[in-house]
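Asker: sequence plus the predicted model coming up.
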Amino acid sequence: MTIYDSHLKKKIEFKPIKDKEVRIYVCGPTVYDDAHLGHARSSISFDLLRRTLEALGYKVTFVKNFTDIDDKIINKMNSTGKSLKEITEHYINSYLADMEALNIKRADIEPKATESLEAMFELIQKLIDKGYAYKLSNGDIYFDVSKDKEYCKLSNKCQEDEGIHRIDTESKKNPADFALWKACKGEGDVCFDSPFGKGRPGWHIECSAMIKKYIAYTDTKYQIDIHGGGADLFFPHHENEEAQTFCAYNQHLAKYWMHNGFVNINGEKMSKSLGNSFFVKDALKHYPGEVLRFYLLSTHYKAPLNFSEEDLIASKKRLDKLYRLKKRVYAINKKQQDKEFEKKLLEPMKDNLNISKALAVVDEFVKNANEELDKNPKDKNLKQKIISNIEFINKLLGVGGSDAYKYFQEGIDKETKIKIEELIKKRDEAKKEKNYELADKIRNELKQMGIMLQDTPNGTVWEKV
RNA sequence: GGCGCCAUAGCCAAGUGGCUAAGGCACGGGCCUGCAAAGCCCUGAUCCCCGGUUCGAAUCCGGGUGGCGCCUCCA
């Protein structure tokens, strides 16, 4: 397996810290709003990584946190009058529901910042003891960047001429210093008791502390194998996490750093501030989760993805072909593993998740399978092999696992379905009597309803357009 | 300003020095079909521009042009 490492800026061979075990931590969402397509893309990217590693036989421990203390959450509390818990619980559930619709495997551990405070206290205390942190008169505790000789080596994105944009520069020693602990600001703030007084943790400390608490190796050079997140998190977030962990524990945080590319809208980054963000929930009203997943999946995780409905529809048609094949082998249950195909599909995924090549393998498989079925429509062995391969595709890529008929009929209510079946029956009778005029009239009527017919050797089947 | 990414057919998108530059969508032609649909077959690119290295470059180097991201909360 090779992986593109953001730190080294090149593709390198992946070797876990400990033989067949892989520990992954991915930065999860700050739960103050619904998940947008960017969250979906990040989740899908690392879901693919996880599935690939698992298919290769690694035992993966996958952790994704919820940031449930943050300025934005506090803002939301103030604007809605709701409690922290009400807000974060609501958005955590909403996030999980969205991710489920996208067929993202749940993380093995889903830590929350609010449940990991002790670990943060420990880390902050260690940094203070070792002289890497200092306290301001207002009670805030900052990380002293100048004390860390390694600072900025991870991302190489620091600025020579001061962090102009950074806030609170007057009181900090160095503009690049970042908050480990924010002292309580009184009314309207969210405050926790701590050895450093009432307050709340800074953003960066959360991840370092949760990694340490839940999955860190203690006796190795690196605490975990892979740390992932969106491309924007590399600096300062990941740089700061690395600094905290390295200074406190003398271990690097992660052996490999992976960052997924953005979802753009009209060539621009999708973001709240640009007002062009697109919620997963809203997208799901228009397209099934699996279709959305397949679309977001089909661009390599590192590259930016320019969201367009046109491309999504083109991508859906590609997935449709897999499901039409699945319809042809419907009701076949017995498995017949095709090792050769599995290897062929896994091969490109081993190469830094080369999804384009993997999907080309799927396309080729669909084409060949259709051809062989045309030649040998009753070959049971063949059908068993095909269904097994589709199952493997689903296992590795998370698509193709739905019922083949339901896939094409999603969003059609029961009553309509009955009506469709009746019309098809009428048309079949007309066809039998060679009354093609009537048959075509019925077909047109269905077409008006958005229903396409296919006459197959096993009878007429229908699909929603 | 600092750091970095990208530019391949109408669209999406692989390819990182060497047989005829993957695959999908769209378009057109064919087989199949009562006609369709589906499926299968066929059809399309001198790889942004200029220069260099090399026997040989989409692929490496230099210089342009254009687009984007991070540096401030952000997946």
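Answerer: Sure thing, it's come through.
Asker: partner residues bridging the residue in the stretch 101-250 of chain A positioned nearest to RNA strand B?
Answerer: Closest approach between the stretch 101-250 of chain A and RNA strand B, counting by Cβ to the nearest atom of the strand: A:Gly230, at 1.8 Å. From N, CA and C alone the C-beta is placed, and that goes for glycine too. Bridge pairing for A:Gly230 (DSSP bridges) gives the partners A:Asn260.
Asker: and the pLDDT for it?
Answerer: A:Gly230 is assigned a predicted lDDT (pLDDT) of 95.
Asker: okay, now it: neighbour count?
Answerer: 19 (other Cβ atoms under 10 Å).
Asker: surely it and A:Gly38 touch.
Answerer: Yes. Counting by Cβ atoms under 8 Å, A:Gly230 sits close enough to A:Gly38 to count as a contact (6.6 Å).
Asker: what's the closest non-adjacent residue to A:Lys457?
Answerer: Just so we're on the same page, residue A:457 is Pro rather than Lys. A:Pro377 (6.7 Å; Cβ to Cβ, 6 or more residues apart in numbering).
Asker: host element of the one you found?
Answerer: Counting by DSSP states H and E, no helix or strand carries A:Pro377.
Asker: that one contacts A:Thr456, doesn't it?
Answerer: No. A:Pro377 is beyond contact range of A:Thr456, at 10.0 Å (criterion: Cβ under 8 Å).
Asker: where does A:Lys10 fall, phi/psi-wise?
Answerer: phi -160, psi 170 (degrees, to the nearest 10).
Asker: revised request: answer the last question for A:Phe178.
Answerer: Dihedral angles (degrees, to the nearest 10) for A:Phe178: phi -130, psi 160.
Asker: next one: A:Lys335, what pLDDT does it get?
Answerer: pLDDT at A:Lys335 comes out at 84.
Asker: ugh, typo on my part, it should be A:Thr169
Answerer: On the pLDDT scale, A:Thr169 gets 50.
Asker: likewise A:Glu160?
Answerer: 58.
Asker: report the contact partners of A:Thr61.
Answerer: A:Thr61 is in contact with A:Glu21, A:Val22, A:Arg23, A:Ile24, A:Asp108, A:Ile109, A:Ile215, counting by Cβ atoms under 8 Å, 6 or more residues apart in numbering.
Asker: export those to JSON lines and tack on neighbour count?
Answerer: Converted to JSON lines, these look like this (neighbours: other Cβ atoms under 10 Å):
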{"residue": "A:Glu21", "neighbour count": "13"}
{"residue": "A:Val22", "neighbour count": "25"}
{"residue": "A:Arg23", "neighbour count": "26"}
{"residue": "A:Ile24", "neighbour count": "24"}
{"residue": "A:Asp108", "neighbour count": "15"}
{"residue": "A:Ile109", "neighbour count": "15"}
{"residue": "A:Ile215", "neighbour count": "19"}
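Asker: may I have the strands that pair with the helix or strand of chain A with the lowest mean pLDDT, each with its orientation?
Answerer: Here the helix or strand of chain A ranked lowest by mean pLDDT, DSSP states H and E is strand A:268-269, holding a mean of 85. In the sheet, strand A:268-269 lines up against strand A:263-265 (antiparallel) (DSSP bridges).
Asker: next, the buried residues of the strand it pairs with.
Answerer: Applying a neighbour-count criterion of 16 or more other Cβ atoms under 10 Å, the buried positions in strand A:263-265 are A:Val263, A:Asn264, A:Ile265.
Asker: so the second one bridges to which residues?
Answerer: In this entry, A:Asn264 is beta-bridged to A:Lys269, A:Asn306, by DSSP bridges.
Asker: relative to A:Pro111, how far out is it?
Answerer: 31 Å (Cβ to Cβ, to the nearest Å).
Asker: repeat for the last one
Answerer: Look at A:Ile265 and A:Pro111: by Cβ to Cβ, they are 32 Å apart.
Asker: part of a strand, is A:Glu421?
Answerer: No. Counting by DSSP: H, G, I helix; E, B strand; the rest coil, A:Glu421 is located in no strand; its state is helix.
Asker: what's the closest of the contacts of A:Thr61 to A:His90?
Answerer: The closest of the contacts of A:Thr61 to A:His90 turns out to be A:Ile109 (Cβ to Cβ; 21.4 Å).
Asker: which residue, neighbours along the chain excluded, lies closest to the spatially most central residue of chain A?
Answerer: Against the mean C-alpha coordinate of chain A, by Cα atoms, centre = their mean, the closest residue is A:Ser43 at 0.9 Å. Using Cβ to Cβ, 6+ apart and skipping the chain neighbours, the partner closest in space to A:Ser43 is A:Ile104 (4.8 Å).
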